[in-house]
Each structure stands twice: as C-alpha cells, then as structure tokens.
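Novice: return a 3D structure for these sequence lines:
(2 chains)
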Amino acid sequence: KAGVTQTPRYLIKTRGQQVTLSCSPISGHRSVSWYQQTPGQGLQFLFEYFSETQRNKGNFPGRFSGRQFSNSRSEMNVSTLELGDSALYLCASSPDTLAWGEQYFGPGTRLTVT
Amino acid sequence: DAKTTQPPSMDCAEGRAANLPCNHSTISGNEYVYWYRQIHSQGPQYIIHGLKNNETNEMASLIITEDRKSSTLILPHATLRDTAVYYCIVRVRAPNAGGTSYGKLTFGQGTILTVHP
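Specialist: Numbers count the residues shown, from 1 in each chain, chains lettered A, B, ... in the order given. Sure, this is the predicted structure:
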C-alpha cells in the first residue's frame, strides 16, 4: 500500500505571497491532519479533517486554512506568508478520526519564506 | 492532555537494548501512551501505544508502570538506523470523540537516541 504523499516537497516563496500544499492519504484512510515543524517550536498540530469536515484545530492564526475533498485528499493554504512560516509542513493520515486511529506521516513539504 | 517528560538525549551501543523512559505523572484514566519516532529529515513514524498493559510489536515493547505515571519504550536490539528523536505522547483514544480538545497529538521535545557502533 502506498504511503502518504505530499507535494511539493520543497517550496520557496516570498513574504506576502500565499501557498497551497497538497496531501494524499493512504488509500482507505479518511482522516488527514496537518502539522508544522520548526526548530524553535517543534512539532505543532494545525488541524484535522475527517469526511471533508474540520474536526480539530490547533492554535494558529486564520491565515492557515485547509480543506479535504471527497476522495480524502487534503490541501492546506497559508495566506500572506511571513518569514516565521518557514517550516516543514507534515501531513498525517489515519483510518479513522484523530482520536481513534494511529497516524501515518508523509515526508513533509519544506517551505522557505524569503 | 497530560504532559510528558523525557530525557533530552541518550546513547546506546549497537545490538544492545535501548530503554527510553517517559514520565507522565498527570495522565488520566482515558489517556493512552503513544510512542513515535522521527528520523532526520523524515516524517514521524508510529511505533506503539498502550493503556495499562505491557505491549509488544515487531518494532518495540512498551512497559507501563502499574500506577501509569511512567513508561519505558524498549528497542530490544538497537541498530544504527534506530538513531532518531523519540516522542512519548499521551492522548485520549476513544471512538467518536467529539469536541476540539480530544485526540490531538501534542509532541514534546522528545529524546534524541544515538546508536553507536
């Protein structure tokens, strides 16, 4: 079974721009979560989607948003990029909702904001 | 979610058992103990989880104390490829849990395990 895939793997953007990252979960998995990882803050939960509905949300500003499609694929969007948004963005999928299933992580998208 | 405390780093010789401790003294009755690891430049990898009984799978064993205030992850025969950051996490694991405060994976700083030849 193929693992979680994320595209693109690397991205360079300029401050003020917006960016969209994509995640394809493991086949059959219905829950997708997003995390931000930085050297200073470590791994932080962004949000979780299940059956196209946001079920859980971390403490991030409204510039961070996401959505899930009927095929469980998910996208996250960051608008008005700031230098501090430079990070590794990780997507994880789970067979069931976040509270129940174990999560399987993708390789991440490395975003650099200049 | 209950907070966990782990040593910042540990060393282990290749072929020996690696025992990684975790303190979770404020764990509540419906919180499970999960372990993940992250090898450099990769996404975290699920290892094992448990509630109160000891658990074993093909990767590791998890020993949880009777009072559930601490646990130990055991890698029975560590290899160089086990060098990684190991995260101990406690979180609610329940079906159909609603609300916004259940189930999030809250990662701490973890333990950097270095396996040396």
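
Novice: mind listing what's buried along the lowest-mean-pLDDT helix or strand in chain A?
Specialist: Ranking every helix and strand in chain A by mean pLDDT, DSSP states H and E puts strand A:53-57 at the bottom, with a mean of 86. When burial is assessed from 16 or more other C-beta atoms under 10 Å in any protein chain shown, strand A:53-57 yields the following buried residues: A:55-56. Where C-beta positions appear, they are placed from N, C-alpha and C, glycine not excepted.

Novice: go on, stretch B:46-57?
Specialist: In stretch B:46-57, the ones that count as buried by 16+ other C-beta under 10 Å are B:46-50, B:55.

Novice: can I get the residues you listed in JSON lines including pLDDT?
Specialist: Converted to JSON lines, the buried residues of stretch B:46-57 look like this (pLDDT from 0 to 100):
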{"residue": "B:Y46", "pLDDT": "90"}
{"residue": "B:I47", "pLDDT": "94"}
{"residue": "B:I48", "pLDDT": "93"}
{"residue": "B:H49", "pLDDT": "90"}
{"residue": "B:G50", "pLDDT": "92"}
{"residue": "B:E55", "pLDDT": "95"}
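
Novice: quick check: residues of chain A near chain B?
Specialist: With C-beta under 8 Å from any C-beta of the partner chain as the criterion, chain A meets chain B at residues A:4, A:33, A:35, A:42-45, A:48, A:55-58, A:90, A:92, A:96-100, A:102-108.

Novice: show me what the most centrally placed residue in chain B is bridged to.
Specialist: When chain B is reduced to its mean C-alpha position, the closest residue under C-alpha atoms, centre = their mean turns out to be B:W35, at 2.7 Å. In this structure, B:W35 has beta-bridge partners B:I48, B:C88, where bridges are defined by DSSP bridges.

Novice: that one against B:P44, yeah?
Specialist: No. With contacts counted by C-beta atoms under 8 Å, B:W35 stays clear of B:P44, the gap being 10.1 Å.

Novice: rewinding a little: show me the residues of chain A next to chain B that map onto strands.
Specialist: Among the residues of chain A next to chain B, the members found in strands (DSSP state E) are A:33, A:35, A:42-45, A:48, A:55-57, A:90, A:92, A:104-105.
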